[in-house]
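Chemist: next comes the sequence, and after it the predicted model I'd like to discuss.
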Amino acid sequence: MANKKVYTSDKSSAKNSKTINRDLTHLKLVAALCIFIGLALVFAAIRLYAAISGGEDIETPDFVGMSFAEAQKSAVKLGLSLSLEGEAYNDKVPGIILEQEPKANSYVKHGRIIYVIVSKGKKTVKMPDVSNLTSKSAVSLLNRVGITKVRIIQESSSSTPPGLVIKQTPEHSAVIPSDSLVTLSVSRIGADSPKFPDLKGLAEREAEGILNSLGVKFDKSYIQSKTIREGVVISQSVSPGSSFSNSTFVSLTISGINGEVKEGEASIPNLIGITVAEAKEMAEACGFALSVPEGLYQGAVIQGQKPESGIAPLGTVINISVEKLILVPSLYGKRLSEADSIAAAAGLVIEDIIYEDAGDMDSEVVIDQLPEGGVWVPEGTAINLTVSLSSEVSGEVSGEVNGVPNQENGISGSYPSPHGE
């Protein structure tokens, strides 16, 4: 039997090759589709995570100085929100944002709440009635209602007991800004006494008439003057403005000639009771010289002179003795009680006291004085002080004083702590 040879057709081989290529294409398409779907799922997951976690950081704008309504609109556009956490008295217009948390230019997530405090406007207070209170209690009460600037002036009064408030400015019930200066007049021991008149420059008869009407006894001496017309009062032994009574005695020096005066001579003027500056002017006007120690306070009052009276050659030197002078001590930085003791020991008195808010300085400490330390003044001169407002005083009164209840501080509300504290 003869062998048969089998031959594969070229057509059948080509057909099989096409089938294989088609299957590979399908596989590639399926793989590409799977990759696309996988990437889409990953992208969607990233978007979902971003939405849940708050998205990209947002830079917080500066809301300070804006109205709350204006800031709220701006915040909403950025995906933020505002929360009003408190109000505070301020010179700004009511409703203006004063503070914010988080601060401007910090980065936060979408939807973050920004906490703000807005202005309540300038604080005003109603003046309480502090009449007939002690000065310390009056300052306490004023401090309680928010008034931090208080000036105390001492005045003599025959009707109000010593140490109590006679009057107040502004008056009771007045509505004023809390930073206004309040002046309190406090009663000093004793009533107002009459003041001695200034007779210098008056005619002799006019001066006599005034003294007789006051019931004051007097004597007269005459001096020759080159500059003052005859019959005019040149000086008086009692200082103008000083207290006096019907037992007061005054000596008047009058321009004129009493007795025989030779050429080249003049009557010695009475310099007692006038100041050094006035005595120097009078002595020179009469042709005499005044011996004044260097650096002597020109406002010191003369208490003695040599020669005392009589007629002397022109150019004669008159020696004087003056009232006791005190070197004013520096009271700056001293507590009020200590300053009062130092002044009293030096022969001086504390008169006007102004209370001012001095920030972190301790309570009732002297921050200014007049006259200043290092100045020579007559014994008994009054010193005016400015002292820091006492924080201790404000805490001494509890409940109500003269019908004024304890008030809150200027800020209501608070920030929530970013640390959860």
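Modeler: Structure's in. What do you need?

Chemist: CA only for contacts and neighbour counts going forward, please
Modeler: Noted.

Chemist: per-domain residue ranges of the chain.
Modeler: Here the chain is described, according to automatic domain parsing, as comprising the domains 58-122, 124-192+327-394, 204-286+294-305.

Chemist: start and end of the shortest one, how far apart?
Modeler: What that stands for is domain 58-122. This stretch, domain 58-122, spans 34 Å end to end (C-alpha to C-alpha, to the nearest Å).

Chemist: using TSV, please lay out the domains of the chain together with mean pLDDT, distance to residue 316 and mean neighbour count.
Modeler: Putting the domains of the chain into TSV (pLDDT from 0 to 100; distance: least, C-alpha to C-alpha, whole Å; neighbours: other C-alpha atoms under 10 Å) gives the following:
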stretch	mean pLDDT	distance to residue 316	mean neighbour count
domain 58-122	89	69	18
domain 124-192+327-394	82	28	19
domain 204-286+294-305	79	9	18
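
Chemist: for these, give me JSON lines that also has distance to residue 198.
Modeler: Below are the domains of the chain laid out as JSON lines (distance: least, C-alpha to C-alpha, whole Å):
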{"stretch": "domain 58-122", "distance to residue 198": "50"}
{"stretch": "domain 124-192+327-394", "distance to residue 198": "18"}
{"stretch": "domain 204-286+294-305", "distance to residue 198": "5"}
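
Chemist: and those domains: which comes nearest residue 26?
Modeler: domain 58-122 (45.7 Å; C-alpha to C-alpha).

Chemist: so what's the gap between that closest one and the chain middle?
Modeler: Centroid separation for domain 58-122 versus its chain: 31 Å, with C-alpha atoms, centre = their mean, to the nearest Å.

Chemist: where exactly do the strands run in the stretch 151-300 of the chain?
Modeler: Under the criterion DSSP state E, counting those that start in this stretch, the stretch 151-300 of the chain contains strands at 165-169, 175-177, 181-188, 217-223, 233-236, 249-255, 265-267, 289-291.

Chemist: so the closest residue to residue 118 other than its chain neighbours, which of the three states?
Modeler: Nearest non-adjacent residue to residue 118, counting by C-alpha to C-alpha, 6 or more residues apart in numbering: residue 97, 4.2 Å away. State at residue 97, reduced to three classes by DSSP: H, G, I helix; E, B strand; the rest coil: strand.

Chemist: from residue 68, how far out is residue 97?
Modeler: Residue 97 is 6 Å from residue 68, by C-alpha to C-alpha.

Chemist: who touches both of the two?
Modeler: Counting by C-alpha atoms under 8 Å, 6 or more residues apart in numbering, the contacts common to residue 97 and residue 68 are residue 118.

Chemist: got CSV for the strands of the stretch 151-300 of the chain, with distance to residue 147 too?
Modeler: Formatted as CSV, the strands of the stretch 151-300 of the chain follow (distance: least, C-alpha to C-alpha, whole Å):
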stretch, distance to residue 147
strand 165-169, 13
strand 175-177, 8
strand 181-188, 8
strand 217-223, 51
strand 233-236, 47
strand 249-255, 49
strand 265-267, 62
strand 289-291, 53
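
Chemist: how about the ones you listed, which one is nearest residue 102?
Modeler: Closest among the strands of the stretch 151-300 of the chain, using C-alpha to C-alpha: strand 175-177, at 32.1 Å.

Chemist: need the residues that contact that closest one.
Modeler: 122-127.

Chemist: from the residues you listed, pick the one nearest residue 157.
Modeler: The closest of the contacts of strand 175-177, once distances to residue 157 are taken by C-alpha to C-alpha, is residue 127, at 23.3 Å.

Chemist: quick check, the closest one in contact with residue 178.
Modeler: No. If you go by C-alpha atoms under 8 Å, residue 127 and residue 178 don't touch, sitting 9.6 Å apart.

Chemist: distance of the residue nearest to residue 313 when sequence neighbours are not counted relative to residue 111?
Modeler: Leaving aside its chain neighbours, residue 313 sits nearest to residue 265 (4.2 Å; criterion: C-alpha to C-alpha, 6+ apart). In this view, residue 265 and residue 111 are 104 Å apart by C-alpha to C-alpha.

Chemist: and what of residue 374?
Modeler: Applying C-alpha to C-alpha, the value for residue 374 to residue 111 is 67 Å.

Chemist: run through the residues that contact residue 221.
Modeler: By C-alpha under 8 Å, 6+ apart, the contact list for residue 221 reads 251-254, 258, 270.

Chemist: no no, residue 118
Modeler: Each residue near residue 118 by C-alpha under 8 Å, 6+ apart is listed here: 68, 84, 86-88, 94-99.

Chemist: out of these, which is nearest to residue 172?
Modeler: Distances from residue 172 to the contacts of residue 118, taken by C-alpha to C-alpha, are shortest for residue 88, at 25.8 Å.
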